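1. structure, please.
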Amino acid sequence: MYSRQPCIYILASAKNGTLYVGVTSNLSQRLQSHKINAVPGFTQKYQVHTLVYAESYETMEEAILREKQLKAGSRAQKVSLIEKDNPEWLDISEGL
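-> This is a model prediction of the structure:
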């Protein structure tokens with residue numbers, strides 16, 4: 001559903017752990033990069049590899065605006081968004 005279309009995503013290190021908000025046009029490819037630590041940075045340093053939330057969009061511009069909105073929001077807002085659909089913070093990347 002999200003593999004080749006603009007989307008935002010939230011990764012977590014563990015339940016109630018460190019969060020990372022990102023945007024991509026190919027979620028499955030981006031997740032693979034995160035999981036194998038292909039690019040040094042935040043997700044590698046803090047081991048933030050579990051996909052806990054994602055939203056798809058028609059255009060990349062819409063996805064980027066949503067990413068900026070989420071990044072500007074509080075941690076509590078992000079946690080609430082995750083727990084609305086994924087209260088156990090399970091990895092939802094299966095099948096991508």
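
2. strands along this protein, start to end?
-> 7-12, 19-24, 50-56 (DSSP state E).

3. where's the residue lying closest to residue 51 once chain neighbours are set aside relative to residue 77, distance?
-> Computed as CB to CB, 6 or more residues apart in numbering, the closest residue to residue 51 that is not its neighbour in sequence is residue 93, at 4.1 Å. Just so you know, the C-beta spots here come from the backbone N, C-alpha and C atoms, and that holds for glycine as well. Separation of residue 93 from residue 77 (CB to CB, to the nearest Å): 22 Å.

4. more neighbours: which of those two?
-> residue 93 (20 against 12; other CB atoms under 10 Å).

5. the more buried one touches residue 32, doesn't it?
-> No. Under the criterion of CB atoms under 8 Å, residue 93 is not in contact with residue 32, lying 9.4 Å apart.

6. picking up where we left off before, can you tell me which residues contact the residue nearest to residue 51?
-> Residue 93 makes contact with 28, 31, 50-51 under the criterion CB atoms under 8 Å, 6 or more residues apart in numbering.
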